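A.B. asks: pasting a predicted model and its sequence here:
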Amino acid sequence: MIIKQKDSCKKMEQYTVQIYLVILAMLVMSVRIERNDLIERQKKREFLRFW
């Protein structure tokens, strides 16, 4: 019984780590997308000013 509990704890830890990694990846992607949008908007503004 004790060994099984330890194994289940290890599996839970692995799952939590994977979930954290997925959440971090999603946050990084969303931040990058927002930055790209801001850069594109700035470029468009400069382009309009140039005209």
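C.D. replies: Happy to help now that I have it.
A.B. asks: look up phi and psi at residue 44.
C.D. replies: phi -60, psi -40 (degrees, to the nearest 10).
A.B. asks: neighbours of it, how many?
C.D. replies: 10 (other C-beta atoms under 10 Å). Heads up, the C-betas are built off the backbone N, CA and C, glycines and all.
A.B. asks: for it, give its distance to residue 24.
C.D. replies: 31 Å (C-beta to C-beta, to the nearest Å).
A.B. asks: can you check residue 37 too?
C.D. replies: Going from residue 37 to residue 24 by C-beta to C-beta gives 21 Å.
A.B. asks: likewise for residue 49?
C.D. replies: Counting by C-beta to C-beta, the gap from residue 49 to residue 24 is 37 Å.
A.B. asks: do the same with residue 47
C.D. replies: Counting by C-beta to C-beta - residue 47 and residue 24 are separated by 35 Å.
A.B. asks: tell me where this protein has strands.
C.D. replies: Per DSSP state E, the chain carries no strands over any range.
A.B. asks: next one: stretch 10-22 to chain centre, how far?
C.D. replies: Remark: stretch 10-22 is offset 15 Å from the chain centroid, using C-alpha atoms, centre = their mean, to the nearest Å.
A.B. asks: what does stretch 25-35 give?
C.D. replies: 6 Å.
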